[in-house]
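> Compute the structure for the input listed below.
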Amino acid sequence: MIDWNKIKYFKKHHFSEDPDIYAEPQLIMNLDNYRKQLGNRVYPSPVEGALARFEDTAKGSEHYAISRKSTAIDVFPKGSILKAWTVAVASGLWTGIGVYFDTKYRSKSWCMLHLDNREKRLLWYRLNKKDYFYPLYSEVHMRKMMQLLLVQEEF
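The predicted structure is shown next:
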């Protein structure tokens, strides 16, 4: 169970699904620590499935929450996405970090981060709903991701 007395920056109602029921407590602790390290607000995505997913098609996802608790969250960090991504990588809190360049929050284009606690390290970015790229496996994709991170406006 999540000890909400130890969580400074988030409340239960900030999440699209009930974190007490569907999230690993460490996920919420890590998110709170990430928010502190970032020094900016972090908005959990309000979209259904941003914390927990229940479809059979999501079985391989860290969001999957049937017979297990979710180890993933999608968030919109305030400020520079480059800083948010860099802090996520450097913090050691996350093993899975994805940057989605094709998302919106509050009716405007805003990059989203996927943060999770999978077993093996994985970084990726998405340009549209179909195109995922893995910069750890390609220098070209690493350069492209860094270029994309650098040109994004702050929110």
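> Quickly find the element holding the residue nearest in space to the middle of the chain.
Nearest to the mean C-alpha position of the chain, by Cα atoms, centre = their mean, lies His114 at 2.4 Å. Using DSSP states H and E, His114 sits in strand 112-116.
> contacting residues around that strand?
For strand 112-116, the surrounding residues in contact (Cβ atoms under 8 Å, 6 or more residues apart in numbering) are 27, 30-31, 34, 45, 62-63, 71-77, 81, 84-85, 88, 93-100, 103, 105. Quick note: C-beta positions are derived from backbone N, CA and C, even for glycine.
> Please flag which of these sit within helices.
27, 30-31, 34, 81, 84-85, 88 (DSSP state H).
> Double-check Tyr64 against Ala58; I have them as touching.
Yes: counting by Cβ atoms under 8 Å, Ala58 is a contact partner of Tyr64 at 4.8 Å.
> ok so, going back, which among the ones in helices among the contacts of strand 112-116 gets closest to Glu154?
Of all the ones in helices among the contacts of strand 112-116, Ile81 has the smallest distance to Glu154: 8.0 Å, by Cβ to Cβ.
> Count the residues that sit near that closest one.
24 (other Cβ atoms under 10 Å).
> Quick one: residues contacting it.
99, 111, 113, 149, 152.
> Out of those residues, which is nearest to Tyr125?
Val99 (4.4 Å).
> Next one: that closest one from Leu93, what distance?
From Val99 across to Leu93, the span is 16 Å (Cβ to Cβ, to the nearest Å).
> the more surrounded of these two?
For Val99 versus Leu93, neighbours defined as other Cβ under 10 Å are more numerous around Val99 (25 against 20).
> Which secondary structure state is assigned to the closest residue to that one other than its chain neighbours?
Ranked by Cβ to Cβ, 6 or more residues apart in numbering and with sequence neighbours excluded, the top spatial neighbour of Val99 is Tyr125, at 4.4 Å. At Tyr125 the chain is in strand, as set by DSSP: H, G, I helix; E, B strand; the rest coil.
> try Asp20
Applying three-state DSSP: Asp20 is helix.
> What are the neighbouring residues in contact with Gly96?
By Cβ under 8 Å, 6+ apart, the contact set of Gly96 is 62, 72, 114-118, 121-123.
> Which strand residues bridge the nearest residue to it once chain neighbours are set aside?
Of all residues not flanking Gly96 in the chain, Asp116 sits nearest, at 3.8 Å (Cβ to Cβ, 6+ apart). Going by DSSP bridges, Asp116 is paired in beta bridges with Ala72, Gly96.
> Alright, calling it a day.
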